[in-house]
Structure formats: structure tokens, C-alpha cells
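J.: This is the structure alone, sequence omitted:
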């Protein structure tokens, strides 16, 4: 069974990596995209990008950068999934897509009360769900879910009205009657350790900023904090590695020799669609996702098995899945930290880090492979 | 390979050396002068100062709070400068690679990241592994964690606490234990906004004093070389000197380290109710022989405060400049990131600057006061050369003081202090003493058997210039810096301790994680194989 191809023809791995190196060396504006990989893979990808003057992007950057954008524009209050599990007496669930973003959410947060050992007074949990866009009441087991507003379109106005009432400001007509709105505000104010839970996949930055502002406001008198659910494909792990290695999130370029961050310029899809990029490395080790762009560009794809592309990659290497085929470090939704993931079904499939190291080793440009 | 550093003026207070001497290196270690052997390579250090590599005991250089600060403030570290082929990513401002290069260029070869949450240890170690050249170590933070507070509430035995501390050290691969506003972060989760040494954590019913005492004794009894590293309550507040004095008194003759004492050096005198209480603090430190401190000097300019004292950071959030901040309720301490601009024209900032220097100069024993800015909280570590110069030159201090608000200087004793540090005292404070404090017997000196971490400086009368760019730096005997420029990467190690613990704690931790979190305790592990470097750790022996 083959694991590497050039233009669809099976080749040995070293032949594929040599061709990849040749393509990258000949490229003037390469992009390293997808980045669905573990920490070792992300490190190798960033180091490679630095070496060849590429930009880096993650397939879920759009989602991750919404939370980052709010943080660096306005600030943010956050907690961990485990603290929310132990202490939250009020869970304020925001909008749709929460269980899709974190399938264990009902089991880990909704279905259980806070720990009486940690705080005997708050050993009750109240679940308020704003504009779920469906019926979430069954997700919480025996815990009751109080739904406010069904239509997800109503969320931004409802949040704004709620924040205004919390600040004692008048509001115009909203989805909720004035009394109900004030009762809701009072309930949030009465929380002892409230946690707002959201998924940036479903919200725009202004809505997230409104929510985070409201959470901060609530802390004038009580404790309230936020839990931003993680995007898939180790997006938060890759964000962390980008942060410490380059100082910036993904969508950072080394084209001018030093890291430059710009969420529009270094959007990999934009770079390819506009014709600016002339070569792409695409990485999807957790799945076999294909890039969303439609324009033809010479591509080196490192993916899980059975990837289906719009255009055949020039070089395609099947890589192992982190935490399944090989040991890995990745962001964990349950802890909110980087954790070790021991291979569930170890195999000889090449890791992203190893494949990229092979490519880098045969690049003609000067310099060792020192980081 | 035999290397000779020839004819330099060696300053090695640990071995009482102060004079011209050759230093010989073989296989990464300093050796006795070999009779009749010829060096494979010789470096001429005539007229230069030779010291052991410097050791920084308290600098926030890695981990998720530091990384969040990077992401919070992209405008403060825009890239510049061409790509460096031999040291890739070293032009990424404030990245891990630049951190290692900047430290090495100043002759620092070991740096301690002092605030790692045990559940964030893997992340911190991954960042540390990407800091080239230097060796690193972490302090693990306990004292706001549910497990310890729960143990204390239940009146658990001292041996159970010791086993937990030892398990935490081993699991998180740390060199020591730090407590940060003991109980304050846990109390903040219960909406407490002020928390002092004798206040009690709601729900748990234990005082800050009891937490400090419990951890101090556990660390001491385990034989961990570095004493409990304490970040006191009430950081930054007028009158906080009282808290620090109470904490010093609570040491009760056992080893205790107080971090960034400058931030507690404040009284409530004067029109603004903010004054220096440094003289009283220094006197207390001089009298408490089991206590060590580091300073946390403030220098003027833009910085960002990164602290696991989440309560303090929350209370300081409205002073953020630029106006944005992160407050993080973590599993134990969490943390807060508040950007801040220290201004020489600001009364309070000027008092803070004076207080730090007063502590440096009024604490008599340079082996009990350590050189830090609490990077980046008082100032970035890149300001160290200027601080060395200020300590060594009272005229320079007078020049600086002349630019500060006179009302601020008048609230301090700095203008009356004539002491100037000698190079020998600088070497004690930054080499010999930190090695002893951390239990690193083969570091901080130039004697035979020491790790060949060596800094050679031009003996410039401009001390800031001298310490900013070392002429030569050797790490493990390998030349890594020439004239202040890193010439190539090598990968350092993280220093760890692992005092033994009873095996029952393993099962207890598994049970605890399963019960509280529904997770295996293995999520806390820092496997050596996960770090991605050969031999990422080096064990430091414990006393017991």
C-alpha cells in the first residue's frame, strides 16, 4: 500500500519529499496552510515557513482569530472547562453550535451539579441558554435548561439589551418584555461564579465583544467569567506554538524575513485565490480535509488517508494521525491546556513533523535545521 | 577537546578567587590547570573580566500566561531586522528564540520561570525547550489549588502534604515550589476582593498564613534545595510593607524566599499616602538570616505585568495601558495580564524605582538579595545592564534622581545612600548566591568540576555597556556568544528535582482527578519524549 504520490503516481517517501523541497525552493510566495497537526507538526511547519519565507495559516483561523481579536482589542475574562465544571452555579450558554464544538459538553458541564466539596453554597447549577437555535433542553439530563430566545439571529440585540439593563441603562423594544429582561439580568447578577460558554464558530467579533464586556461588567459586584470553546484540528494548540515561536497568532508571514501578522493579507485562501501564492503546503493530519480554495496552485498535501481534492496535489503524503498513530501533544478541550496524547494504535505512518523535517533536510537554501 | 580562557581577571566569590587566572575546560566542565597539556583552542581574555554564567532566579519567560501576553499585545513587539540564518526566529520579537539569545548575550546561562501552574507544565516546558542556549527551570505553583486546600481543611497529615508536594514536583518537572498570594486566588473565586496574611479562604477555612507555613515546611522537610518561593499578599498596595514584614516574621528561622520585595516596599506616609518603607523592610531582612529576597526592580517604560496573582491583577485592571487586560480564573491560581507604562514623571512609579534600589543597597548581604526585575513586571530583563550600572555608581543614581519628581524622591532614603556594589558583589548576587539558593552545586562558580558556563566581559567603565554585550560566553564549554552576538544555537536543559514520595499518592491523585474532573491524572504528565529535544531534563539532587 502506497503512502506517497507525485501527480497521483505512487513513489517512495524520500522521492516525494525531495520533489516537495524542489517545489518550495522554486516558489516565491509559498503558503503553509491547514496546519491540522500536533505541536511537533506545528513547530516543524513554522520553522519550515521561516526558512522558505512562507506565511502560515490554520484551517480554523477564522474562528480562533475572532476570540483573539476580541482579546487584543478589548480584553477578556476566561476560565478553564474544569473550573466551570467544579464551581459554576450559573452556566450562561450562548447561541448555537456549542455541543457541535465540544461533544462532551453535556456530560462534562450540563448534566452534573457543581462540586459541593468545593463550595457547599453553590452546589446547585442553573443553566440559561440564549438563542440556542434549537431545543437544547434534553442535553442537560436532570438539570433544567432555561431557554431565552430561540432564533440565533436575535442573539446580538438580546445581549446588547441585557448588558444595557445590567448597567442600568434604558433599552428600546426587544424580543423580551422589559420585566423578563430585568429578571434575566437579576439572575446573572445573583450568580456567585457564573460562566458564559460560547463557540466563536457561531458568533461574530462584535457579539463576542459584547458578551465579554458584559462578563467584565458583572464582576463589579459578583464573579462571572468566560469559557471559549476550542476550534477543531488542534487550532488552539497551533495558536500557542505560533505565539511562542513568532510572537503572533497564525496568519503570520516570513516573506520579509521577520514575522509579520495580518489577518487579511496572510489568509491562505485569499493568497491562493488572488494568485499571490505560487505554492501551497496543506496539512490535515487529524482528518483528510481538503483546502476550500478553488484556484489551481502547486500543492504539497500532508493528510490522513482517503483525502479528496478538487485538484490533484503535485505531492501527496499520507501522514499518521496524532495521538492515534504516534504520540503527540495537543490542546485538550476538557482541560483547556496542552496535554500528552499517547498513541492509541501505534503505526509506522510518518508524522507531519518527520515529513516536514525530511523536506527541510533536502532544501537547497543555506542554513541548518536548527529550530 | 581542551579549551583555555587565558589571562582574564577571574571574579569567582564562591571560591574566593579575585585575580588573573586561566580557566581550562574539558568536555563541558571546568578542570584544574592540566600540567603540560596544550589547549586545542585558546581565547585571550587579557584585561577582561571572567565570571561564571549568571543565573536569574525569577523571570517570566514561558507558559500560557506569558503567551497570552504576547497575543494580547501584538502592537508592542512588531518584527524588524533581517532573518538570521544561524539563529532562525531570533528576530521574532519577544518569541522564545529571541529570549534565549538576549539572555545569552548578557552572559546569563540559567533562568528560572517562577510561575508554572502544574496543569500547564507541559506547555511551559515546550516553550522553555524553544528557548535556545540557556538552561531553564520552573517553579510549580501551589497554594490556591483545591487539592491542597481540601487536605488542609480536612486536617491531613504533614506526610500526606509532603507526598503531594513531591508528586507535584516530579509530575510537573519543577525545581521548586512557589506560592502566589496564598489562598487569594481561591478566595477571589468566592468574590473576595481583599486578602491578607491572616484572612481565611471561604469554604476551605484555612488562612493564608497556614498555607504558607504548610508549604514552607513540606518543601523544607522534603530536602528540596530551593526554599518555598513566596509571592506575598497585597502586592503593590500602599502599606504592603506590613504584609511582607509579617511574612518574614512567619519564616520562624526556616528558609523562606520572598519574591520581588520592591512591590511590598510601600508605606502610607506623605500627602499621597504612598511612601518608601524599604529601610524598615531591609532591616527586617538583615535580621532574618533564614530569609532571602529578590528585588523586582522597576525601570521606566512600557511593559506588561504577567502574574498568577489573579486577585491583584483584577484590582489593577483599570490601570492598564493600553486599556485592555486578561483575567484568567485557572484551576489553581490562574492569572492576569495587565499592560503598564512606568513613567519617570509619575510620583508612584518614581517611588517604586527608588524603593527597589534602596532594597538592593540597604540589604547588607549580597548573597541574600537577588537581582530581578520580576521580568517583565517591573521591567523587561533587557534593562539589567542599566540596573547593574545604577548599583555600581552613586553619581549615576543621582543623575537619574534629578529627573524624577522631587516629592517622590523625598519619600525615600535613596538620596542618602552612598553604597556602590563592587564587581565581586555583583558576581555574588548573580552567580554564587543563586546557585546556592537553587541547590546547583556545579554552577555559579569557576572551580574545577563546575559546568563550563562562563561569561567574559570587557572591563568597561560604562558598566551598562559592559554587561549588555559579553565579549565571550561559553555554555557547557561551547562558545555561543562573541561580542554580544549569538553565533549559533544549542539546546539547553530544564533543571528538576524529584524528592521521593510514597506510592499511595499516585493512587490518591488518580482517584482525585477521576472524582473531581472525570479525567486521569496522566493529563498532568510532562513526558520527556513529548519535549522534542534530546535529554530535555537534568536532575538536581535533594538534601534527603
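T.: Ah, there it is. Only a predicted model underlies this, so the values are computations on that prediction, with no experimental measurement involved. Residues are numbered from 1 along each chain as shown, chains lettered A, B, ... in the order given.
J.: mean confidence score for stretch A:238-250?
T.: Taken as a whole, stretch A:238-250 carries a mean pLDDT of 98.
J.: wait, stretch A:84-99
T.: 96.
J.: now do stretch A:277-294
T.: Stretch A:277-294 comes out with an average pLDDT of 97.
J.: So which bits of that stretch are buried?
T.: Within stretch A:277-294, the residues that count as buried by 16 or more other C-beta atoms under 10 Å in any protein chain shown are A:277-291, A:293. Where C-beta positions appear, they are placed from N, C-alpha and C, glycine not excepted.
J.: wait, residue B:504 sits on residue B:163?
T.: Yes: with contact defined as C-beta atoms under 8 Å, residue B:504 and residue B:163 form a contacting pair (7.3 Å).
J.: So between those two, which is more surrounded?
T.: Relative neighbour count places residue B:163 above the other of residue B:504 and residue B:163, with 24 against 10, counting by other C-beta atoms under 10 Å in any protein chain shown.
J.: List the residues that contact the closest residue to residue A:43 other than its chain neighbours.
T.: In this structure, residue A:43 finds its nearest non-sequential neighbour in residue A:241, 5.7 Å apart by C-beta to C-beta, 6 or more residues apart in numbering or on different chains. Residue A:241 makes contact with A:39, A:42-43, A:46, B:126, according to C-beta atoms under 8 Å, 6 or more residues apart in numbering or on different chains.
J.: Turn these into JSON lines, including secondary structure, distance to residue A:120 and pLDDT.
T.: Conversion of these to JSON lines gives the following (DSSP: H, G, I helix; E, B strand; the rest coil; distance: C-beta to C-beta, whole Å; pLDDT from 0 to 100):
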{"residue": "A:39", "secondary structure": "helix", "distance to residue A:120": "39", "pLDDT": "98"}
{"residue": "A:42", "secondary structure": "helix", "distance to residue A:120": "43", "pLDDT": "98"}
{"residue": "A:43", "secondary structure": "helix", "distance to residue A:120": "45", "pLDDT": "98"}
{"residue": "A:46", "secondary structure": "helix", "distance to residue A:120": "47", "pLDDT": "98"}
{"residue": "B:126", "secondary structure": "helix", "distance to residue A:120": "38", "pLDDT": "98"}
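J.: residues in contact with the most centrally placed residue in chain A?
T.: For chain A, the residue nearest the mean C-alpha position is residue A:231 (2.8 Å; C-alpha atoms, centre = their mean). Contact analysis of residue A:231 by C-beta under 8 Å, 6+ apart lists A:60, A:63-64, A:101, A:200-201.
J.: just the buried members of the residues you listed?
T.: The neighbour count (16+ other C-beta under 10 Å) marks A:60, A:63-64, A:101, A:200-201 as buried among these.
J.: returning to what we had before: show me which of the buried residues of stretch A:277-294 is closest to chain B.
T.: Distance ranking of the buried residues of stretch A:277-294 against chain B, using C-beta to the nearest C-beta, places residue A:285 first at 16.1 Å.
J.: ok, the closest one touching residue A:39?
T.: No: between residue A:285 and residue A:39 there is no contact under C-beta under 8 Å: 11.8 Å.
J.: pLDDT score for residue 153?
T.: Assuming you mean chain A. Predicted confidence (pLDDT) at residue A:153: the value is 91.
J.: look at chain B instead
T.: We have a pLDDT of 97 for residue B:153.
J.: How about it, nearest residue that isn't a chain neighbour?
T.: Spatially, and ignoring its direct neighbours in sequence, residue B:153 is nearest to residue B:204 (4.8 Å; C-beta to C-beta, 6+ apart).
J.: Residue B:450 too?
T.: residue B:30 (4.6 Å).
J.: State the distance from the one you found to chain A.
T.: Counting by C-beta to the nearest C-beta, to the nearest Å, the gap from residue B:30 to chain A is 27 Å.
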